[in-house]
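> Give me a model of this one.
(4 chains)
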4 protein chains.
Amino acid sequence: MHAHPMIAAHPHVRGSTNDTLIRAVEECYGCAQACTSCADACIGEDMVQQLAQCIRLCLDCADICATTGILATRRTGSNEALIRAMLGVCEAACRLCGEECERHAGHHDHCRICAEACRSCEAACRDAAGSIH
Amino acid sequence: MHAHPMIAAHPHVRGSTNDTLIRAVEECYGCAQACTSCADACIGEDMVQQLAQCIRLCLDCADICATTGILATRRTGSNEALIRAMLGVCEAACRLCGEECERHAGHHDHCRICAEACRSCEAACRDAAGSIH
Amino acid sequence: MHAHPMIAAHPHVRGSTNDTLIRAVEECYGCAQACTSCADACIGEDMVQQLAQCIRLCLDCADICATTGILATRRTGSNEALIRAMLGVCEAACRLCGEECERHAGHHDHCRICAEACRSCEAACRDAAGSIH
Amino acid sequence: MHAHPMIAAHPHVRGSTNDTLIRAVEECYGCAQACTSCADACIGEDMVQQLAQCIRLCLDCADICATTGILATRRTGSNEALIRAMLGVCEAACRLCGEECERHAGHHDHCRICAEACRSCEAACRDAAGSIH
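Alright, predicted model coming up:
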C-alpha cells in the first residue's frame, strides 16, 4: 500500500496528511479483500446453507469498504459531510459483518480472521469520521 | 435492465416485489453510468480546470450509486438499516453532484443531462428509503 | 440509461457515436445487475450447495461487466487495445456464466433470465470489439 | 492485508497456497489505491489539461486492478482461463498507466510513486498468469 506517500504528494495536501484518515483507507482496502475472500470460502463450505447470511454480509461489506476506501482516497475535492456519512455506513457494515463472522469463528478460520479485519476497519472508520471537521 | 423480473424470481421475494426499491436500483445503475460519462467528458473539455470539483463529485457519485445499486439488488438477506443508510448517502451524493452539474448545464450538455440523472436518482433513493421499514 | 445522449455530448465525440459500443455499455450495466441478483437468489435457494459454481461465476461476471461498462463509457481517452481486450474478457465471462445459468434454467427462473442477459451481453461485447479499430 | 491467511483458510485451498497469485492480489489492491489517488492529485494540479490522458489511464487502471484483485481472490471456483485473461488485461493496463505516469514523474511526485506501483503490479500479474495452469 502506497496510501501515505501518494496522499502526501497530493497538491492540496502538500505533506500535512490526516494520518487517521489514511489508516482508514488502508483498513478499507484490506477489509474489502478479506470479506471477498471470506464470502468465497463460505460458498465452498459443506454447511453453506447455514452461512447464507454470512456470505451476503461479507459481499455487502466488501462493496461498501471498497467504495469508502476510494472516497477517502479522493477526499480532497469532495464534500466532507459525504465522506463522513460514508465512513458511518462503512462502520455499520463492518460491525454487522464482524458480528456475523464471529458466530462462525470457532468452525471456520476464514470467519475468525475476517471478523478481526472487520473490527479493525470498524474502529478505523469511527476514528476517521471523528477526525474530519 | 432485467431488475424487475430478476428480483421477482428471488426465492425470498416470490413475486411480492417492492417496486419503489426496484426503481431505485435501475436509477442507481443509470446514474452511475451518467456520472462516469460526465466525469470523462469534463476531463476532455478545454476549461477542465474550472470543472475539477465537478469531475470529483461525478466520480464519487458514480461509485456510490454503483454500490447502492448492488446493495439494493442484494437486499433480501441484508440488514435493512444498512440499505436505508446507504440509500441516504446516495441521495446526498446525487444532490451534491446534481447541484454542481447544474452550474455547468448552460455550457455543457453532458452536465445538463447528468444533472437530470442525479435529480431523478436522488428522488428514487429518497422514495426507496421511505419504503423500507 | 442515458448512455447514448451522454456519450453523444462528449467533447471528443460531438455526435458521431459508435452505437455498437454504446449498446455494449448498456448491456454491461444490465448484465452486472442481473448477475448480482442471480448470485443472491442462488444463495437463498435450498439447493445452494449445487449452485456454488453458479454463484461464483455470477459474482465474477457482475464485476467484469461493471468494469467493462465503465471502461467502454470512458473510452475516448483510453487505449483502444485495452478496451478491446476488456471486451474480450467480458465476452468470455458472459459465455461461462450464461452456460452455467442455463444448466439451472429449468429449476430457477432467475437463472433462466440471467442466462438470457449473459448471452445478450456476450453478443454485444463481441460486436463492440469488432467495431473498434 | 490479510490476503495470505484468508486464502490459506479457504476450504478448497487448505494451506497449499499459490503465493505468486496472492502477491498479485496484494499488488492489485495497492495499485488500485495508488491510481485512484494519482488521478485525484492530477485533477488538482494547475496543469490539469496536460494530464487528461494520465487521469483517464489512472481511472481505467484503478478499476481494472480492483476487479482483478477480486477475481484472483475468488479464484477457487472460477475458470482459470478467465483469471489468466483478466491478469493479462491488468498487466497491459498497468504498463500503459505506468508509462504515462513515468512521463510526469519529474514534475509530480504522485506520478513517480504511481508509476512504481504500476510497474510492480504489472510484474506481479505477469508472474501470476504464468503460475496458473
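> And the residue nearest in space to the middle of chain A, how far from C:Leu71?
Taking CA atoms, centre = their mean as the criterion, A:Cys28 is the residue nearest the geometric centre of chain A, at 3.2 Å. Taking CB to CB, to the nearest Å as the measure, A:Cys28 falls 23 Å from C:Leu71. Where C-beta positions appear, they are placed from N, C-alpha and C, glycine not excepted.
> same deal with A:Gln33?
Relative to C:Leu71, A:Gln33 is positioned 22 Å away (criterion: CB to CB).
> circling back to that earlier point, for the residue nearest to the centre of chain A, which non-adjacent residue is spatially closest?
Taking CB to CB, 6 or more residues apart in numbering or on different chains as the measure, A:Cys28 lies nearest to A:Gly69, with 3.4 Å between them; neighbours along the chain are not counted.
> Show me which residues of chain A sit near chain C.
A:Asp40, A:Ile43, A:Gly44, A:Asp46, A:Val48, A:Gln49, A:Ala52, A:Ile55, A:Arg56, A:Leu59 (CB under 8 Å from any CB of the partner chain).
> could those residues go into a markdown table alongside pLDDT and secondary structure?
As requested, the residues of chain A next to chain C are exported to a markdown table (pLDDT from 0 to 100; DSSP: H, G, I helix; E, B strand; the rest coil):
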| residue | pLDDT | secondary structure |
| --- | --- | --- |
| A:Asp40 | 96 | helix |
| A:Ile43 | 95 | helix |
| A:Gly44 | 93 | coil |
| A:Asp46 | 91 | coil |
| A:Val48 | 92 | helix |
| A:Gln49 | 90 | helix |
| A:Ala52 | 93 | helix |
| A:Ile55 | 96 | helix |
| A:Arg56 | 95 | helix |
| A:Leu59 | 97 | helix |
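> Of those residues, grab the buried ones for ChimeraX.
For selection in ChimeraX, the members of the residues of chain A next to chain C meeting the burial criterion (16 or more other CB atoms under 10 Å in any protein chain shown) are listed in this command:
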select /A:40,43,44,48,52,55,56,59
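> Pull the most distant pair out of the residues of chain A next to chain C.
The two members of the residues of chain A next to chain C with the most space between them (CB to CB) are A:Asp46 and A:Leu59, at 20.1 Å.
> Pull the distance from the one helix or strand A:His110 maps to to the chain's centre.
Remark: A:His110 resides in helix A:109-131, with elements defined by DSSP states H and E. When C-alpha coordinates are averaged (CA atoms, centre = their mean, to the nearest Å), helix A:109-131 and its chain have centres 6 Å apart.
> Check whether it comes near chain D.
Yes. Residues of helix A:109-131 contacting chain D under CB under 8 Å from any CB: A:Asp109, A:His110, A:Ile113, A:Cys114, A:Glu116, A:Ala117.
> quick one: the third one and chain B, what's the gap?
The gap separating A:Ile113 from chain B is 22 Å, by CB to the nearest CB, to the nearest Å.
> separation between that residue and A:Glu99?
Here the criterion is CB to CB. By it, A:Ile113 lies 15 Å from A:Glu99.
> Highest neighbour count among the residues of helix A:109-131 next to chain D?
A:Cys114 (35 neighbours; other CB atoms under 10 Å in any protein chain shown).
> need the contact list for A:Ile70.
The contact partners of A:Ile70, by CB atoms under 8 Å, 6 or more residues apart in numbering or on different chains, come to B:Asp63, D:Thr36, D:Ala62.
> Number of residues surrounding the last one?
Okay, so that is D:Ala62. For D:Ala62, the count of nearby residues is 24 (other CB under 10 Å).
> For it, which non-adjacent residue is spatially closest?
Nearest residue to D:Ala62 in three dimensions, chain neighbours excluded: D:Cys35, at 3.9 Å (CB to CB, 6+ apart).
> Quick check: buried residues in the host helix or strand of A:Met6?
Following DSSP H and E, the helix or strand that holds A:Met6 is helix A:3-8. Neighbour counts using 16+ other CB under 10 Å place A:Ala3, A:Pro5, A:Met6, A:Ile7, A:Ala8 of helix A:3-8 among the buried residues.
> burial count for the closest residue to the first one other than its chain neighbours?
I take that to be A:Ala3. Once flanking residues are discounted, A:Ala3 sits nearest to A:Val25: 4.9 Å by CB to CB, 6+ apart. Using other CB under 10 Å, A:Val25 has 28 other residues around it.
> How confident was the prediction at A:Val25?
The confidence metric pLDDT takes the value 97 at A:Val25.
> For the helix or strand hosting it, what is the distance to the chain centroid?
Of the helices and strands defined by DSSP H and E, A:Val25 is found in helix A:19-43. Going by CA atoms, centre = their mean, the spacing between the C-alpha centre of helix A:19-43 and its chain's C-alpha centre is 5 Å.
> list the helices and strands it packs on?
Of the remaining helices and strands, those touching helix A:19-43 by 3 or more CB pairs under 8 Å, 6 or more residues apart in numbering or on different chains; DSSP states H and E are helix A:3-8, helix A:52-73, helix A:80-103, helix A:109-131, helix C:52-73, helix D:3-8, helix D:19-43, helix D:52-73.
> Please repeat the previous calculation with a cut-off of 6 Å.
Helix A:19-43 is packed against helix A:3-8, helix A:52-73, helix A:109-131, helix D:3-8, helix D:19-43, helix D:52-73, with contacts defined by 3 or more CB pairs under 6 Å, 6 or more residues apart in numbering or on different chains; DSSP states H and E.
> List the buried residues of that helix.
Taking 16+ other CB under 10 Å as the basis for neighbour counts, the residues of helix A:19-43 that come out buried are A:21-43.
> List the contacts of that helix.
Contacting residues not belonging to helix A:19-43 are listed as A:1, A:3-4, A:7, A:51, A:54-55, A:58-59, A:61-62, A:65-66, A:68-69, A:72-73, A:110, A:114, A:117, A:120-121, A:124-125, A:127-128, A:131, C:52, C:55, D:1-3, D:6-7, D:10, D:29, D:33, D:70, D:73-74 [CB atoms under 6 Å, 6 or more residues apart in numbering or on different chains].
> can you list the residues of chain A near chain B?
Residues of chain A lying near chain B by CB under 6 Å from any CB of the partner chain: A:53, A:56, A:60, A:63, A:67, A:70-71, A:77-79, A:82, A:85-86, A:89, A:92-93, A:96.
> do that again at 8 Å, thanks
Counting by CB under 8 Å from any CB, the residues of chain A lying close to chain B are A:52-53, A:55-57, A:59-60, A:63-64, A:66-67, A:70-71, A:74, A:76-79, A:81-82, A:85-86, A:88-89, A:92-93, A:96.
> so where's chain A uncertain?
Screening chain A residue by residue with the criterion pLDDT under 70, one finds the ranges A:76-78.
> Tell me which residue of it is furthest from the middle?
Among the C-alpha atoms of chain A, the one most distant from their mean position (CA atoms, centre = their mean) is that of A:Asp46, at 27.3 Å.
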